[in-house]
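Engineer: coords please:
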Amino acid sequence: MIYLDNAATTYPKPESVYDAVSDCMRNYCANPGRAGHKLAMRAAREIYDTRENIAKLFNIDNPMNIIFTSNATDSLNLAIKGVVNSGDHIITTSMEHNSVIRPIKSLEKLGVENTIVQCDKEGFLDCKDIE
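Structural biologist: The predicted structure follows:
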């Protein structure tokens, strides 16, 4: 899995981002699932074109394997809860963001064990602690 999220931390955005958002909002901002009218069909086409471009960039065979989520927390929950099964064991660190720790801890009730390896006060991890 490849995860990209710089929207929350990148400011200012490149001018092309503002232009693309403005174009969408002014010219075709519609529900892509309502393909019965021109604006919705344009929105759906833009989304598919974006999937195709991402697929080419990362050498992904099927653009429909690319999904978009509303935010980082949503993506992390989907990824973590989507691949972990009862009986699995997750190892992470004490430096991990709360949006990762919470779904890991919520999986305990499903029989998923977890280990949170402590980092030192400067945030460094001793790899031997993972063993």
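Engineer: Please, where are all the helices along the chain?
Structural biologist: 15-27, 38-58, 72-83, 98-106 (DSSP state H).
Engineer: Okay, the residue positioned nearest the centre of the chain and residue 67: tell me how far apart.
Structural biologist: Centroid check for the chain by C-alpha atoms, centre = their mean gives residue 75 as the closest residue, at 3.6 Å. Per C-beta to C-beta, to the nearest Å, residue 75 is found 9 Å from residue 67. In short, each C-beta sits where N, CA and C put it, glycine included.
Engineer: Can you pull out the low-pLDDT segments for the chain?
Structural biologist: 1-9, 35 (pLDDT under 70).
Engineer: per the record, what domains does it have?
Structural biologist: 15-65, 72-129 (the TED database).
Engineer: Any idea how far apart the tips of the first one sit?
Structural biologist: Start-to-end span of domain 15-65 (C-alpha to C-alpha, to the nearest Å) is 29 Å.
Engineer: got it, and the longest one?
Structural biologist: Across domain 72-129, the terminal residues are separated by 28 Å (C-alpha to C-alpha).
Engineer: Tell me which of the helices of the chain lies nearest to residue 116.
Structural biologist: Across the helices of the chain, residue 116 has its closest neighbour in helix 98-106 (7.3 Å, C-beta to C-beta).
Engineer: Sort out which residues of that closest one are buried, please.
Structural biologist: 100-101, 103-104 (16 or more other C-beta atoms under 10 Å).
Engineer: about what we covered before: if I read this right, the residue nearest to the centre of the chain contacts residue 82, doesn't it?
Structural biologist: No - using C-beta atoms under 8 Å as the test, residue 75 is too far from residue 82 to be in contact (10.3 Å).
Engineer: what's near enough to touch residue 97?
Structural biologist: Neighbouring residues of residue 97 by C-beta atoms under 8 Å, 6 or more residues apart in numbering: there are none.
Engineer: go on, residue 11?
Structural biologist: Taking C-beta under 8 Å, 6+ apart, one finds nothing in contact with residue 11.
Engineer: Tell me both backbone torsions, phi and psi, for it.
Structural biologist: Main-chain dihedrals, residue 11, degrees, to the nearest 10: phi -150, psi 140.
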